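Asks: Need a 3D model of the sequence below.
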Amino acid sequence: MKISTINREWWKEGVVYQIYPRSFQDSNGDGIGDLQGIIQRLDYIASLGIDIVWLNPVYQSPNHDNGYDISDYQNIMDDFGSMEDFDEMLEGFHKRGIKVVMDLVVNHSSSEHKWFKESRSSRDNPYRDYYHWWPAEKGTPPERWSYFDEEGSAWAFDEKTNAYYLHYFDKTQPDLNWENPKVREEIFAMMHFWFKKGIDGFRMDVITFISKHDGYPTFEGVHGDKMIDVYASGPRLHQYLHEMNREVLQHYDIMTVAEGPGTNLSNIHDLVDEDRQELNMNYHFEHVELGLDARKIVNSDHRNLVKFKKIMSDWATAFDQKGWGTQWHTNHDFPRQVSWFGDDSAEHREQSSKLLSTFLLTMRGTPYYYMGDEIGMTNAKFDSIDDYDDLMTINWYNLTLAEGGDAQKLLESHKLSGRDNARTPFQWDTSENAGFSSAKPWLKVTDNFKEINAAEQENRPDSPLNYFRELTQLRKDNLTLIYGAYALLLADDEHIYAYTRTLDDDVILVLLNYSSSPQVAEIPNALHNGDVLINNFDTLEKVDAGFSLLPWQAVVLKIK
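Replies: Take a look at the predicted model:
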């Protein structure tokens with residue numbers, strides 16, 4: 001890779017910090033995080049050295065699925081505040097040089113959206129075709145699977161018009177009919193509204209699902225969650241995204257990222273290559289779903305480093321010529337990074353947390369970093385289903401019970417894989433409710449907040465928090481870590497993840513010991529001499545074969 005060939009873009013060079021507003025900071029004592037809470041923490045966010053904030057949905061919503069069921073796309077949920085609060089927050093971020101990306105949730109709306117209320121009122125209502133309907137007189141509709149439905153069906157019967165409506169997610173989230181041009185016009189107008197307000201981009205929720213197959217055909221031999229690939233292969237997906245780009249996106253200096261279930265290395269370039277004029281980047285799910293079945297039951301594969309390296313390396317090199325990728329470990333839909341990919345024991349939690357942060361910020365692709373990971377927050381590991389708020393866990397638990405399955409096994413697995421693990425309140429300090437709220441929080445605070453919190457780490461030089469700040473600065477100071485070519489070393493090593501980043505004559509070596517025991521990284525002689533750019537330990541032991549690494553040691557060296 002040569003610096004002269006780089007097409008520099010701010011969204012390639014930035015570090016994205018995801019904020020789940022409901023769990024970040026409560027300002028008014030109702031137990032729910034809000035926009036004024038974010039405003040109170042603007043200086044903390046800026047201190048991290050991040051460049052872009054991705055904000056989970058704050059739109060008006062009945063909140064059956066934590067804001068991903070939107071009833072009004074151009075207003076703010078009462079729980080979070082007002083549009084004036086949003087404007088104040090946006091201005092505060094921009095004053096600090098931080099861009100703001102919002103969630104675009106347009107595969108589905110809330111069943112309480114005025115469009116759906118009209119659509120279900122009669123078969124001849126002008127809004128009827130804003131959604132997908134199957135008349136009951138045609139019999140049972142062809143199988144479609146739902147992520148959240150307790151019976152696993154994506155069709156819900158509506159008595160008023162004697163018809164079924166389609167909902168890939170919960171029955172309170174009916175799928176919008178993108179095949180209707182009026183729906184697309186409404187969505188594009190809404191996007192213009194937010195861009196004119198000054199936001200800097202959209203993270204597009206399950207955007208690969210928006211195009212449905214004509215006539216809702218039966219897909220022989222494809223059942224349950226295997227339908228995800230079908231959902232992502234709608235015949236007009238790229239037509240609609242190109243139209244979105246033409247009508248909206250190209251008119252602003254913004255970034256776009258697809259949440260892309262069903263994307264893979266064979267189809268990703270259709271979505272993100274520059275000449276496609278669709279979206280900037282996408283995030284896939286191969287690495288975070290390694291070792292999981294359809295209900296997030298965990299098997300031993302989830303920490304298979306050799307398989308993990310293969311996945312990450314294939315995606316890191318997929319964009320050598322065209323397009324751009326992303327790097328991420330977790331978000332609001334997945335467990336905490338240190339509990340899933342690292343070792344969250346007291347002995348190794350901090351070092352493994354630092355290692356995982358090192359990986360994200362030294363790989364090729366825009367890094368997406370989830371709030372709380374900078375202090376090494378861990379999974380909550382709830383013991384009772386009563387502690388969960390998440391529709392997915394609750395509905396799968398009930399479905400498993402109804403099937404006569406092992407609901408306790410599901411609950412044990414969700415201590416590791418469940419979505420609520422990442423949604424517990426941010427751990428600010430040792431005061432009541434971890435400084436998140438003066439009231440009982442909407443979701444339980446993780447028990448270890450007195451050991452793991454931002455206040456304790458703020459002035460401790462070796463804390464995960466301050467290490468993360470060093471990493472964001474390191475990435476800013478080294479274009480090689482952003483645009484440099486990626487090359488994997490030691491592909492078959494079960495404990496060491498090692499790779500180089502190269503830009504012109506600049507070579508950076510990254511050594512990561514994904515193990516709770518010492519390991520030797522046997523690397524080529526040409527890479528033995530270098531200056532340490534960052535190290536999560538105070539020492540680095542050189543041996544004849546290369547380097548001896550301590551448990552969860554992460555080292556970045558500039559090769560001489």
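Asks: does residue 412 sit in a helix or strand, and which one?
Replies: helix 407-417 (DSSP states H and E).
Asks: residues in contact with that helix?
Replies: 292, 295-298, 334-335, 339-340, 379, 381-385, 388, 393, 396-397, 400-401, 421 (CB atoms under 8 Å, 6 or more residues apart in numbering). The way it works is simple: take the backbone N, C-alpha and C, and place the C-beta from them, glycine included.
Asks: If we use 6 Å, what do you get?
Replies: Helix 407-417 has contacts (CB atoms under 6 Å, 6 or more residues apart in numbering) with 296, 297, 298, 335, 381, 393, 397, 400, 401.
Asks: Could you find the closest non-adjacent residue to the first one?
Replies: Once its chain neighbours are removed from consideration, residue 296 has its nearest residue in residue 417; the separation is 4.1 Å (CB to CB, 6 or more residues apart in numbering).
Asks: per-residue pLDDT, the one you found?
Replies: Residue 417 is assigned 96 on the pLDDT scale.
Asks: what's the neighbour count on it?
Replies: 25 (other CB atoms under 10 Å).
Asks: Correct me if wrong, but residue 556 is in a helix.
Replies: No. Assignment of residue 556 by DSSP: H, G, I helix; E, B strand; the rest coil gives strand, placing it outside any helix.
Asks: isn't it right next to residue 512, touching?
Replies: No. Applying CB atoms under 6 Å, one finds residue 556 not in contact with residue 512, separated by 9.4 Å.
Asks: count of residues packed around the residue nearest to residue 155 when sequence neighbours are not counted?
Replies: Spatial nearest neighbour of residue 155, excluding adjacent residues (CB to CB, 6+ apart): residue 164 at 4.2 Å. A count of neighbours around residue 164, defined by other CB under 10 Å, yields 22.
Asks: next one: residue 346
Replies: 10.
Asks: tell me the SS of it?
Replies: Following three-state DSSP, the label given to residue 346 is coil.
Asks: Over to residue 507?
Replies: strand.
Asks: That one bridge partners, please.
Replies: Beta bridges link residue 507 to residue 502, judged by DSSP bridges.
Asks: thinking it is in contact with residue 559, fair?
Replies: Yes. Contact criterion CB under 6 Å: residue 507 and residue 559 qualify, at 4.2 Å.
Asks: Now rank the contacts of helix 407-417 by neighbours and give me the top one.
Replies: Ranked by neighbours (other CB under 10 Å), those are led by residue 335, which has 28 neighbours.
Asks: who's in contact with that one?
Replies: 379, 417, 421.
Asks: and with 7 Å instead?
Replies: Shown in contact with residue 335 (CB atoms under 7 Å, 6 or more residues apart in numbering): 379, 416, 417, 418, 421, 422.
Asks: Residue 536 now?
Replies: 351, 354, 355, 358, 467, 553, 554.
Asks: which residues are common contacts for residue 556 and residue 512?
Replies: Common neighbours of residue 556 and residue 512 (CB under 7 Å, 6+ apart) are residue 358.
Asks: part of a helix, is residue 433?
Replies: Yes. Assessed by three-state DSSP, residue 433 belongs to a helix.
Asks: Surely the residue nearest to residue 155 touches residue 141?
Replies: Yes. Under the criterion of CB atoms under 7 Å, residue 164 makes contact with residue 141 at 5.2 Å.
Asks: which residues do the two both contact?
Replies: 134, 155.
Asks: any idea how far residue 384 is from residue 9?
Replies: Note on residue 384: its distance to residue 9, by CB to CB, to the nearest Å, is 47 Å.
Asks: I'd like the next helix or strand past the helix holding residue 412.
Replies: Sequence-wise, the next helix or strand downstream of helix 407-417 (DSSP H and E) is helix 454-458.
Asks: Show me what that following helix is packed up against.
Replies: Packing contacts for helix 454-458, counted by 3 or more CB pairs under 7 Å, 6 or more residues apart in numbering; DSSP states H and E, involve helix 464-477.
Asks: what comes up buried for the helix it packs on?
Replies: 464, 465, 466, 467, 468, 469, 470, 471, 472, 474, 475, 476 (16 or more other CB atoms under 10 Å).
Asks: out of the contacts of helix 407-417, which one sits closest to residue 484?
Replies: Nearest to residue 484, judged by CB to CB, of the contacts of helix 407-417 is residue 335 at 30.2 Å.
Asks: ok, the residue nearest to residue 296 to residue 58 distance?
Replies: Counting by CB to CB - residue 417 and residue 58 are separated by 27 Å.
Asks: Residue 528 - how many residues pack around it?
Replies: Neighbours of residue 528 using other CB under 10 Å come to 17.
Asks: how deep is the nearest residue to it once chain neighbours are set aside tucked in, by neighbour count?
Replies: Spatial nearest neighbour of residue 528, chain neighbours left out: residue 546 (6.2 Å); criterion: CB to CB, 6+ apart. Residue 546 has 21 neighbours, counted by other CB under 10 Å.
Asks: now swap in residue 167 and tell me
Replies: Residue 167 has 24 nearby residues by other CB under 10 Å.
Asks: Next one: it relative to residue 186, how far apart?
Replies: From residue 167 across to residue 186, the span is 19 Å (CB to CB).
Asks: Residue 111 contacts residue 176, doesn't it?
Replies: No. Using CB under 7 Å, residue 111 is not in contact with residue 176; the gap is 11.8 Å.
Asks: show me where pLDDT drops low in this structure?
Replies: 1 (pLDDT under 70).
Asks: again, 90 this time
Replies: By pLDDT under 90, the weakly predicted segments of the chain are 1-6, 147-152, 293-294, 300, 391-392.
Asks: Point to the residue nearest the middle of it.
Replies: Centroid check for the chain by CA atoms, centre = their mean gives residue 331 as the closest residue, at 3.8 Å.
Asks: doesn't residue 18 make contact with that one?
Replies: Yes. Between residue 331 and residue 18 there is a contact at 5.7 Å, judged by CB under 7 Å.
Asks: ok so, going back, helix/strand/coil for the residue nearest to residue 155?
Replies: In the three-state summary, residue 164 is assigned as strand, counting by three-state DSSP.
Asks: ok, it to residue 117 distance?
Replies: Distance from residue 164 to residue 117, by CB to CB: 17 Å.
Asks: Need the contact partners of the longest helix seen in the chain.
Replies: Longest helix in the chain, counting residues (DSSP state H): helix 181-197. Helix 181-197 is contacted from outside by 73-74, 102, 106, 130, 176-178, 240, 243-244, 247-248, 252, 254, using CB under 7 Å, 6+ apart.
Asks: What's the ChimeraX line that selects buried ones from the residues you listed?
Replies: A single ChimeraX command selects the buried members of the contacts of helix 181-197 (16+ other CB under 10 Å):
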select :73,102,106,130,176,177,178,240,243,244,247,248,252,254
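Asks: Okay, and which of the contacts of helix 181-197 map to strands?
Replies: Per DSSP state E, strands hold the following members of the contacts of helix 181-197: 73, 74, 102.
Asks: So of the contacts of residue 536, which two are at opposite extremes in space?
Replies: So, the contacts of residue 536 by CB to CB: farthest apart are 467 and 553, at 12.6 Å.
Asks: Skipping its backbone neighbours, what lies nearest residue 384 in space?
Replies: residue 411 (8.0 Å).
Asks: and the one you found, how far is that from residue 337?
Replies: Counting by CB to CB, the gap from residue 411 to residue 337 is 22 Å.
Asks: Of the two, which one has the most company?
Replies: More crowded of residue 411 and residue 337, by other CB under 10 Å: residue 337, with 29 against 19.
Asks: ok now do that one, which residues does it touch?
Replies: When contacts are counted by CB under 7 Å, 6+ apart, residue 337 touches 329, 330, 356, 373.
Asks: Filter those down to the ones in helices?
Replies: Going by DSSP H, the helices hold residue 356 from those.
Asks: Could you dump the contacts of residue 337 into CSV with neighbour count added?
Replies: Converted to CSV, the contacts of residue 337 look like this (neighbours: other CB atoms under 10 Å):
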residue, neighbour count
329, 23
330, 24
356, 26
373, 23
